[in-house]
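Trainee: sequence below, structure please.
(one chain, ligands or ions: 1)
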Amino acid sequence: MLKAVILIGGPQKGTRFRPLSLELPKPLFPVAGFPIIYHHIEACSKLPDIQDVLLIGTYQPSDSLNRFITSAQREFKFNIRYLQEYTALGTAGGLYHFRDQILSGQPKGFLVFNGDVCCKFPLAELWDFHEKVSQDDHYTMLSTEATRDQSLSYGCLVENENTHEVMHYVEKPQTFVSTVINCGLYVFPPEIFQHIGKAFQQNQDEVLNGDPLFPSKDTIRLEQDILAPLASTGKLFTFKTNNFWSQIKSAGSAIFANRLYLSLYHETHPDRLSDPKSETGPSIRGDVYIHPTATVDPTATLGPNVTIAANVTIGAGVRVRESIVLEGATLQDHCCILHSIIGWNSMVGAWSRVEGTPNDPNPNLDHAKMDSGTLFNGDGKLNPSITILGTNVSIPPEVMVLNAILLPDKQISSSFKNQILL
Ligand code: GTP
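Mentor: Numbering: from 1, shown residues only. You can find the predicted model right below:
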């Protein structure tokens, strides 16, 4: 029996995803029509031995989380449960806190996913590699290539190319270590808890023996505290993938992840993609997902890389590309939406134009990743990025909104660019 754990973080994480994460926990944000972590769970469903998927985080249980779990539970044949940490315990601290739940039923191993990545998860190959790479207790992490410059923003590892053992691991190094980076997906046997237990004990000793005025940390980080010390001990191995992989940190990276998952549907779920040859529906360019409850005028043109959520209404002559339109939004006749996220129940008036600037990976560089970047440049100006309309925003007819972020419930009366409207 196998289990899977998805680390979903909590409200104190996902800050670069605001204002969208104000409405909904970031792991539930819909990408290509389904919540980010639905894609993880769907990938798990392809492994026949999976019996239990545990979501670990610090979010308060909420309607949205409960609804998600109930509906995923109904769709997939294994258990799906949410376990709430009393405080953010770190990427390994949460695992350790819930070790009894993870080990119940005596799984031979378990997968651990970072909840904020998108990937064509090669789970069967990863598991197969893990089983064959060594006969002793050992741990496996998925890795991929990045560019030399971008590697510094990730966990970097050096592998022995013959044995695939990880010889050196540094999280976000100051200087170049390797272009091979950690994807945030691991296979662990139960023995991993001996290592996390030692780190836990060390923390406790520091708490007891330290200065009470300067309390020591009580979080345990999987990457720095557990995996880095395991490098070159003969216990840590890596399986490298060339499949697509990206972190989902900023809203711009959600647009990129949307594109990646839509392209994956050609292989996994062609039925989710709109038919570009349909004679009755709107004009479809490239990959487009339209929820069955959306109403789209046949004279609209959608795509490439567009997701239209449930109960969206799209009027005549509307043009949408490289965008996500969230549940209940209305796009009035002839408006144009480019590189944007249109929030829940927002409205864009007729003939208006809502446009953002994509922050896509450099297409001329092999293995380039999405730069999560900062919101502001050195002069305190908003960096051009995708446009985001928070929930319930109203854009009047015949205006232009460019490179802007509008917080929930805003109504503007004229054109607006390069600003955040609080
Ligand atoms: P940043 O660039 O600072 O975001 O670092 P990172 O990309 O290395 O991410 P981080 O290690 O902080 O998080 C990896 C995954 O673990 C994300 O999906 C987080 O939501 C999740 N995570 C981070 N800290 C915690 C925690 O304390 N508890 C739980 N359950 N999950 C966490």
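Trainee: and stretch 227-244, what's its mean pLDDT?
Mentor: Mean per-residue pLDDT for stretch 227-244: 97.
Trainee: in that stretch, what counts as buried?
Mentor: Within stretch 227-244, the residues that qualify as buried are 227-228, 230-231, 235-241, 244, counting by 16 or more other Cβ atoms under 10 Å. Heads up, the C-betas are built off the backbone N, CA and C, glycines and all.
Trainee: so what touches it?
Mentor: Outside stretch 227-244, the residues that touch it by Cβ atoms under 8 Å, 6 or more residues apart in numbering are 118-122, 125-126, 129-130, 133-134, 136-145, 155, 157, 159, 163-171, 180, 182-183, 195, 260, 263-264.
Trainee: secondary structure element for Leu260?
Mentor: Secondary structure from DSSP states H and E places Leu260 in helix 251-268.
Trainee: could I get the buried residue list for that helix?
Mentor: Neighbour-count burial for helix 251-268 flags 251-265 (criterion: 16+ other Cβ under 10 Å).
Trainee: go on, stretch 327-345?
Mentor: For stretch 327-345, the neighbour count (16+ other Cβ under 10 Å) marks 327-345 as buried.
Trainee: any idea how far that stretch is from the chain center?
Mentor: Taking Cα atoms, centre = their mean, to the nearest Å, one finds stretch 327-345 lying 22 Å from the centre of the chain it belongs to.
Trainee: okay, helices next: where are they in the chain?
Mentor: Taking DSSP state H as the test, the helices found in the chain are 20-23, 36-44, 63-75, 93-97, 99-103, 123-133, 192-209, 228-230, 251-268.
Trainee: the fifth one and the ligand in contact?
Mentor: No: using Cβ under 6 Å from any ligand atom as the criterion, no contacts between helix 99-103 and the ligand are found, and the smallest distance is 12.4 Å.
Trainee: would you mind giving the helices of the chain as TSV with distance to Phe110 added?
Mentor: Shown next, in TSV, are these (distance: least, Cβ to Cβ, whole Å):
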stretch	distance to Phe110
helix 20-23	27
helix 36-44	11
helix 63-75	18
helix 93-97	9
helix 99-103	6
helix 123-133	11
helix 192-209	9
helix 228-230	17
helix 251-268	24
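Trainee: tell me the contacts of the nearest residue to Phe239 once chain neighbours are set aside?
Mentor: Using Cβ to Cβ, 6 or more residues apart in numbering and skipping residues adjacent in sequence, the residue nearest Phe239 is Phe129, 4.3 Å away. The contact partners of Phe129, by Cβ under 8 Å, 6+ apart, come to 140, 164, 237, 239.
Trainee: gap between Asp218 and Gly155?
Mentor: The spacing between Asp218 and Gly155, counted by Cβ to Cβ, to the nearest Å, is 22 Å.
Trainee: looking at these two, which is more packed in?
Mentor: Set Asp218 next to Gly155 and count neighbours by other Cβ atoms under 10 Å: Gly155 wins out with 23 against 14.
Trainee: beta partners for whichever residue of the stretch 1-150 of the chain sits closest to the ligand?
Mentor: Closest residue of the stretch 1-150 of the chain to the ligand, Cβ to the nearest ligand atom: Gly9 (2.2 Å). Taking DSSP bridges as the rule, Gly9 bridges to Gly57.
Trainee: next, count neighbours for it.
Mentor: 21.
Trainee: do I have it right that it meets Ser21?
Mentor: No: Gly9 is not in contact with Ser21 according to Cβ atoms under 8 Å; the separation is 10.1 Å.
Trainee: hang on, the earlier thing: nearest to the ligand, of the contacts of Phe129?
Mentor: Using Cβ to the nearest ligand atom, Thr140 comes nearest to the ligand of the contacts of Phe129, at 17.6 Å.
Trainee: quick one, grab the pLDDT at the closest one.
Mentor: As predicted, Thr140 sits at a pLDDT of 98.
Trainee: with Leu126 instead?
Mentor: 98.
Trainee: pretty sure it sits against Thr140.
Mentor: Yes: the criterion here is Cβ under 8 Å, and Leu126 meets it with Thr140 at 6.8 Å.
Trainee: tell me the contacts of Ala300?
Mentor: For Ala300, the contact set (Cβ under 8 Å, 6+ apart) comprises 282-283, 314-320.
Trainee: from the contact counts, what lies against the helix-or-strand element of the chain with minimal mean pLDDT?
Mentor: The helix or strand of the chain with the poorest confidence is helix 20-23; it has a mean of 81 (mean pLDDT, DSSP states H and E). Helices and strands touching helix 20-23, by 3 or more Cβ pairs under 8 Å, 6 or more residues apart in numbering; DSSP states H and E: there are none.
Trainee: list the buried residues in that helix.
Mentor: Buried residues in helix 20-23 (16+ other Cβ under 10 Å): 20-21, 23.
Trainee: what pLDDT does Gly9 get?
Mentor: At Gly9, the predicted lDDT confidence score is 95.
Trainee: I meant to write Lys77 there.
Mentor: Per-residue pLDDT puts Lys77 at 86.
Trainee: from what I can see it touches Ser45, true?
Mentor: Yes: using Cβ under 8 Å, Lys77 makes contact with Ser45 at a distance of 7.5 Å.
Trainee: the stretch 101-250 of the chain: strands as residue ranges?
Mentor: Using DSSP state E, counting those that start in this stretch, the strands of the stretch 101-250 of the chain run over residues 109-114, 117-119, 139-145, 155-159, 166-171, 180-188, 236-240, 245-247.
Trainee: could the ones you listed go into CSV alongside distance to the ligand?
Mentor: Listed next are the strands of the stretch 101-250 of the chain as CSV, based on distance: least, Cβ to the nearest ligand atom, whole Å:
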stretch, distance to the ligand
strand 109-114, 4
strand 117-119, 7
strand 139-145, 13
strand 155-159, 7
strand 166-171, 7
strand 180-188, 6
strand 236-240, 17
strand 245-247, 6
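Trainee: rebuild those strands as TSV, extending it with distance to Glu398.
Mentor: Formatted as TSV, the strands of the stretch 101-250 of the chain follow (distance: least, Cβ to Cβ, whole Å):
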stretch	distance to Glu398
strand 109-114	43
strand 117-119	36
strand 139-145	45
strand 155-159	49
strand 166-171	50
strand 180-188	45
strand 236-240	52
strand 245-247	36
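Trainee: can you give me every residue that contacts the residue positioned nearest the centre of the chain?
Mentor: By Cα atoms, centre = their mean, the chain has its centre lying nearest to Asp116, at 3.1 Å. For Asp116, the contact set (Cβ under 8 Å, 6+ apart) comprises 9, 13-14, 26-27, 36, 184, 247-249.
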